[in-house]
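Student: A predicted structure for the sequence below; I have some questions about it.
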Amino acid sequence: MLRSRNVSLYFISEPKFGLSQRGNLIVQIGDWRFNKHACWGSKVRWTCIKKKYGCTAAITTVDNVIVKTLGKHNH
């Protein structure tokens with residue numbers, strides 16, 4: 001289970017890990033979905049699935065805990 005701490009109230013739903021239709025890891029928080037973008041040990045950066053359309057929203061997790069939120073969704 002993913003826990004969060006010191007994170008903006010931006011997310012009001014419990015995060016859920018899953019797989020995309022192509023088998024890639026994603027995190028879903030409410031209506032927002034994030035693709036796994038990069039890893040550094042236990043630290044993972046997740047970017048919005050609409051990144052290619054200019055969305056700058058992203059989250060960072062460490063050991064499955066959201067530790068940082070970046071940007072805002074533009075959609």
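Tutor: Nice, thanks for sending it over. Small disclaimer: the values here were computed from a predicted structure and weren't measured.
Student: now do the same contact list for residue 35.
Tutor: When contacts are counted by C-beta atoms under 8 Å, 6 or more residues apart in numbering, residue 35 touches 20, 24-26, 46-49, 51. Bear in mind the C-beta positions are built from the backbone N, C-alpha and C, glycine included.
Student: in this structure, what residue spans correspond to strands?
Tutor: In the chain, the strands defined using DSSP state E lie at 3-4, 16-19, 25-29, 32-40, 43-48, 58-62, 65-70.
Student: how close does the residue of the chain positioned farthest from its centre get to residue 49?
Tutor: Taking C-alpha atoms, centre = their mean as the measure, the residue most remote from the mean C-alpha position of the chain is residue 22, 17.4 Å away. Here residue 22 is placed at a distance of 12 Å from residue 49 (C-beta to C-beta, to the nearest Å).
Student: try residue 67
Tutor: Distance, residue 67 to residue 49, by C-beta to C-beta: 21 Å.
Student: ok, now residue 41?
Tutor: Applying C-beta to C-beta to residue 41 and residue 49 gives a distance of 24 Å.
Student: what is the neighbour count of the nearest residue to residue 72 once chain neighbours are set aside?
Tutor: Distances taken as C-beta to C-beta, 6 or more residues apart in numbering place residue 57 nearest to residue 72, at 5.9 Å, with adjacent residues excluded. By other C-beta atoms under 10 Å, 20 other residues sit near residue 57.
Student: likewise residue 42?
Tutor: Residue 42 has 10 nearby residues by other C-beta under 10 Å.
Student: list the contacts for it?
Tutor: Contacts of residue 42 by C-beta under 8 Å, 6+ apart are 62-63.
Student: how distant is stretch 13-28 from the center of its chain?
Tutor: Remark: stretch 13-28 is offset 9 Å from the chain centroid, using C-alpha atoms, centre = their mean, to the nearest Å.
Student: now swap in stretch 54-64 and tell me
Tutor: That offset, for stretch 54-64, works out to 4 Å (C-alpha atoms, centre = their mean).
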